[in-house]
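Chemist: Test case, fold it:
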Amino acid sequence: MSTTTTGATGKLDAESTIKRNPHPDFKAVEASRPPFNPSTAFHYTQTPSPAWAPGSGANTSAPPSTAHREIDPYEPGRPAVHNYKLLISGIVPRPIGFVSSISGDGSSTNLAPFSYFSLISHDPPLFTLGFSGGYARAKDTLSNLLATKECVINIISESFIEAANYTSINAPEGVSEWAFSGLTEEKSRVVKPSRVKEAVFSVECVLVETREWESKVEKGKKTGVLGIVEGVRFWVREDAVDREGVLIDPAVLKPISRFGGITYGRVTEGFELPRPVYDEVIKDPEIAKLAKPKADGQ
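Modeler: Next up, the predicted model:
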């Protein structure tokens, strides 16, 4: 979630440059808003348009006068931070990987949230983590991962979002965020880093590989590292998972996601939408008329 360099000073400078927080006095702005409503329970609704039919297109359209703006990410003079802020506000909501790790010598631990995080495979269970800066400017989590080849990914819930957010503090290298969060370390089964006991779902992981990225604007500058990790043990709270251990209840998980700036999102409702089966739907003559050969390049 943060694009920071190692060390408190570097982190502070980076955060000042990015300017994620748009409010000079956040607490005053927060006080003007309605209080968080914990009684809003997860529930299912109908789909946005239950009467939608194949070929109908969008449920609603933008105003006729609305046009799109073309943006070249490499336009001369466009700062890379502008692409960062655009992307984190457009690729939403993003899941958050709450990663715990331990240093190579075992002397220090680390706990940090990452919204450059995703699931990419189930066999084997593989996840991606995106780290800002190259190997030479590795964050504590990346340094620990490279040294030990281990970490734990925890999923953040409503019940500890403030604690999780506080772990993004610009603490100096070697200072653990666990104490600032007040969260509970729980021993893992396979890897050395602890899992977060308060997390409804956690995954013990081992490193598969990493790859460093180079800026296309400033030649030679290393700007990021991709980490791929494999899940080797799952932990799910008993009241959140079904008997077969295959489905986690979103009403118990209460996951938190990331939007742009300093905005988070909660999940309070969902709808179910089955995937269509081609051989079944084309039995309808009107739908069958839509079955056209793909154009070149599609």
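Chemist: Could you export stretch 283-297 as CSV, CA atoms only?
Modeler: What follows is stretch 283-297, C-alpha atoms only, in CSV (Å, rounded to 0.1, in the frame of the first residue of the first chain):
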residue,chain,number,x,y,z
LYS,A,283,-31.2,-23.1,-27.9
ASP,A,284,-33.0,-19.8,-27.9
PRO,A,285,-33.2,-18.8,-31.6
GLU,A,286,-32.8,-15.1,-30.7
ILE,A,287,-29.7,-15.7,-28.7
ALA,A,288,-28.4,-18.0,-31.5
LYS,A,289,-28.5,-15.1,-33.9
LEU,A,290,-25.8,-13.4,-31.8
ALA,A,291,-23.3,-16.3,-32.3
LYS,A,292,-21.0,-14.8,-34.9
PRO,A,293,-17.4,-15.8,-35.8
LYS,A,294,-14.7,-13.9,-33.9
ALA,A,295,-13.1,-11.1,-35.8
ASP,A,296,-9.4,-11.2,-36.5
GLY,A,297,-7.4,-10.4,-33.4
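Chemist: Enumerate the positions of it that are buried.
Modeler: I287 (16 or more other C-beta atoms under 10 Å). (Glycine included, C-beta is placed from N, CA and C.)
Chemist: For it, report the contacting residues that lie outside it.
Modeler: Residues outside stretch 283-297 that contact it (C-beta atoms under 8 Å, 6 or more residues apart in numbering): P54, G55, V281, I282.
Chemist: Same question for stretch 186-200.
Modeler: Residues contacting stretch 186-200 (C-beta under 8 Å, 6+ apart): 98, 100-102, 106, 109, 111, 144, 148, 150-152, 154-157, 159-160, 163, 183-185, 202, 204-206, 232-233, 235-237, 240, 248, 252-254.
Chemist: Can I get the buried part of the residues you listed as one ChimeraX selection?
Modeler: Selection of buried members from the contacts of stretch 186-200 for ChimeraX, criterion 16+ other C-beta under 10 Å:
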select :98,100,101,102,109,111,144,148,150,151,152,154,155,156,157,160,163,183,202,204,205,206,232,233,235,236,237,240,248,252,253,254
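Chemist: Of the contacts of stretch 186-200, which belong to helices?
Modeler: Within those, residues falling in helices by DSSP state H are N144, T148, A163, V252, L253.
Chemist: gap between G77 and E286?
Modeler: Counting by C-beta to C-beta, to the nearest Å, the gap from G77 to E286 is 52 Å.
Chemist: what about the spatially closest residue to W235 that is not a sequence neighbour, distance to K283?
Modeler: Excluding the flanking residues, the one nearest W235 by C-beta to C-beta, 6 or more residues apart in numbering is S202, at 4.3 Å. Separation of S202 from K283 (C-beta to C-beta) stands at 45 Å.
Chemist: contacting residues around E272?
Modeler: Neighbours of E272 in contact, by C-beta under 8 Å, 6+ apart: Y44, T47.
Chemist: That one and A53: what is the separation?
Modeler: For E272, the distance to A53 - C-beta to C-beta - is 18 Å.
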